[in-house]
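S.K.: only the shape, not the letters, is given here:
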C-alpha cells in the first residue's frame, strides 16, 4: 500500500471535486460549499508536502535530547493561517448570499437575471 | 507509518470520497452541509496521521464546528431545498 | 449538459496537472529537512524558548503574517456587520428549548470557556494555540445561542474586547521595536523550556490572539443570528 497515493490522492480528489461542484452548482450556498471543499483539499496537499518518513511532530517534550527526525513545521504554520482565513472568507460570502436572497428572492443562479449583462 | 494506520487511512479516504459525492448529488442543503462537516473531520484525522497536531485541532474546531454553525444560520435564512 | 461536460473536463485537467506535478517534484515522505525549516527545528528552542516549533514560527518568526491574518479576520467581521446591517429582522416563533437542554448547557458553558483558556495558555507547550482556543470559546457561545432563549452577550463589550486586544498586539510588537530594534522581537526572558512561564512573549501574544479571535467569531455568530 502506497502512503503517497492515499494522502496525495485524497487531496487532489477533493480539489478536483471542489472545482467541479463550484462550476456546476446552481445554488449559491452549494457553490460556497464547493469552495470550502477545495480549501480543505489544498490544506491537506500542503501538509502532505511536509511529511517525512518516520518523522515525529515538531513538539519536543524532553528538551535536551532533540530528535533529528522531525516533520517540516513550515507548511503546518502556513496551513494554520490558511484555515482561519478560510472561515472568514466563508462568513463574508454567506453574508452576501443572505443579502442577495433578501433583495432578489432567490438563490438559484439561473433565476438571478440581474447578474447577466 | 505502519500498515495498520495506512489501512485506517484508506478506509477514511473512502468515506471522504462518498461524502464529496453526497455534497454534489444532494438537493437538500442540510445534507450537503453535514457532508462538508464530515469531510473536515476526516481531514483533521489525516492531519493527525501526518504528524500535524496543531493543524488537526484547528481544523476540527473550525471546519467541523464553526463553519457548520455559520452555514446552518445562513441556510435557515435562505431556505433548505435547492429548487426554490 | 454540455456545461457539465466542460466542467468535468476542466476539473479533470486540473487534477491531471496536479497529479503529474506533485508526483514528479514531491515524492511522498522523501524530502529532506533543509533551509529555514532545519534552522527552526535545530535552533528554535534555543532562540525562542517554546517547545512547540509551530507556535514559535506562527508568533515570532512569521509574526507579521499572523498580524495580517488577525487584520483580515477583523475586516471580515466588520464587513459582515456592514453587509447585514440593512436586512429586515423578522420575528418568528422560536420553539421552546427543553429543560434538559437549558440545564445542561448552563452548566457546560463555564467548562467550555475553561477548556478554551487552557488551550491558549498552554499554546507554547502543547498543540493548539490562540486560534483554535478562540474558536472553541465562540463555539461555547454558539451552544448558548441555540439552547437558551434569552442569551445575548453585549455587542459593545465584544467589540471593546476585540479592539483592546488588537491594540495590545500592536503595542507588544512596537515594544520589540523599541527594546530590540526589530518588530515583534522576543524581549522578555526565555526561562526554562517546558514550563508554563517560559518562552518570553509567546504566551502573551497567544492570550491576546485568543481573546481577539474569540470575540470576533462570537460577533460574527451574533450578527448572523440576528440577521
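M.R.: Alright, I've got the coordinates. The structure presented is a predicted model; accordingly, all values stated were derived computationally and were not measured.

S.K.: and the most centrally placed residue in chain A, what pLDDT?
M.R.: The central residue of chain A, meaning the one whose C-alpha is nearest the mean C-alpha position (C-alpha atoms, centre = their mean), is residue A:39 at 1.6 Å. Residue A:39 carries a pLDDT value of 90.

S.K.: where does it sit, in terms of helix or strand?
M.R.: Using DSSP states H and E, residue A:39 falls within helix A:28-49.

S.K.: which elements pack onto that helix?
M.R.: helix A:3-24, helix A:73-104, helix B:3-25, helix B:29-49, helix B:53-61, helix B:67-78 (3 or more C-beta pairs under 8 Å, 6 or more residues apart in numbering or on different chains; DSSP states H and E). Quick note: C-beta positions are derived from backbone N, CA and C, even for glycine.

S.K.: deepest in the core, which of those helices is it.
M.R.: Of all these, helix B:53-61 carries the top mean neighbour count, a mean of 26, counting by mean count of other C-beta atoms under 10 Å in any protein chain shown.

S.K.: is chain C within reach of it?
M.R.: Yes. Taking C-beta under 8 Å from any C-beta of the partner chain as the criterion, helix B:53-61 and chain C are in contact, through B:53, B:54, B:56, B:57, B:58, B:60, B:61.

S.K.: so where's chain B shaky on pLDDT?
M.R.: Along chain B, segments meeting pLDDT under 70 span B:84.

S.K.: just want the most central residue of it.
M.R.: residue B:39 (2.1 Å).

S.K.: for the closest residue to that residue other than its chain neighbours, give me its contacts.
M.R.: Leaving aside its chain neighbours, residue B:39 sits nearest to residue B:19 (4.9 Å; criterion: C-beta to C-beta, 6 or more residues apart in numbering or on different chains). Each residue near residue B:19 by C-beta atoms under 8 Å, 6 or more residues apart in numbering or on different chains is listed here: B:35, B:36, B:38, B:39, B:42.

S.K.: counting neighbours, what do you get for the residue of chain C found nearest chain B?
M.R.: Proximity to chain B, evaluated over chain C using C-beta to the nearest C-beta, is greatest for residue C:127 at 3.7 Å. For residue C:127, the count of nearby residues is 21 (other C-beta atoms under 10 Å in any protein chain shown).

S.K.: assumed it was part of a helix.
M.R.: No. Assessed with DSSP: H, G, I helix; E, B strand; the rest coil, residue C:127 is coil; it does not lie in a helix.

S.K.: so it is in contact with residue B:58, correct?
M.R.: No. Taking C-beta atoms under 8 Å as the definition, residue C:127 is not a contact partner of residue B:58, at 9.0 Å.

S.K.: just checking, what packs against the helix or strand bottoming out on mean pLDDT in chain C?
M.R.: Using mean pLDDT, DSSP states H and E, the weakest-scoring helix or strand in chain C turns out to be helix C:36-48, at a mean of 80. Using 3+ C-beta pairs under 8 Å, 6+ apart as the contact test, the elements touching helix C:36-48 are helix A:73-104, helix C:53-56.

S.K.: picking up where we left off before, state the distance from the residue nearest to residue B:39 to residue A:32.
M.R.: Distance check for residue B:19 against residue A:32: by C-beta to C-beta, to the nearest Å, it reads 16 Å.

S.K.: state the pLDDT value of the residue nearest to residue B:73 when sequence neighbours are not counted.
M.R.: Using C-beta to C-beta, 6+ apart and skipping the chain neighbours, the partner closest in space to residue B:73 is residue C:224 (4.2 Å). pLDDT for residue C:224: 84.

S.K.: residue C:224 touches residue A:90, doesn't it?
M.R.: No. The pair residue C:224 / residue A:90 is not scored as a contact, 11.2 Å apart, by C-beta under 8 Å.

S.K.: got any residues that touch both of the two?
M.R.: residue B:70.

S.K.: what parts of chain B come near chain C?
M.R.: Checking chain B against chain C by C-beta under 8 Å from any C-beta, the hits are B:53-54, B:56-58, B:60-62, B:65-66, B:69-70, B:73-74, B:77.

S.K.: again, 7 Å this time
M.R.: Contact residues (C-beta under 7 Å from any C-beta of the partner chain) of chain B with chain C: B:53-54, B:57-58, B:61-62, B:65-66, B:69-70, B:73-74, B:77.

S.K.: wait, does stretch C:79-99 contact chain A?
M.R.: Yes. Shown here: stretch C:79-99 in contact with chain A (C-beta under 7 Å from any C-beta) through C:79, C:80, C:83, C:84, C:87, C:88.

S.K.: coming back round to it: enumerate every residue touching the residue nearest to the centre of chain A.
M.R.: residue A:86 (C-beta atoms under 7 Å, 6 or more residues apart in numbering or on different chains).

S.K.: now it: how far from chain C?
M.R.: 15 Å (C-beta to the nearest C-beta, to the nearest Å).

S.K.: give me the number of residues near the nearest residue in space to residue C:63 that is not next to it in sequence?
M.R.: Closest residue in space to residue C:63, ignoring its immediate chain neighbours: residue C:184 at 3.8 Å, by C-beta to C-beta, 6+ apart. By the criterion of other C-beta under 10 Å, residue C:184 has 24 neighbours.

S.K.: for residue C:184, give its distance to residue C:53.
M.R.: 17 Å.

S.K.: whichever helix or strand residue C:71 is part of: how far from the chain's middle?
M.R.: Taking DSSP H and E as the definition, one finds residue C:71 inside helix C:63-84. Here helix C:63-84 is found 11 Å from its chain centre; the criterion is C-alpha atoms, centre = their mean, to the nearest Å.

S.K.: C-terminal to that helix, what's the next element?
M.R.: helix C:99-121.

S.K.: in terms of secondary structure, what does that following helix contact?
M.R.: Helix C:99-121 is packed against helix C:130-147, helix C:202-226, with contacts defined by 3 or more C-beta pairs under 7 Å, 6 or more residues apart in numbering or on different chains; DSSP states H and E.
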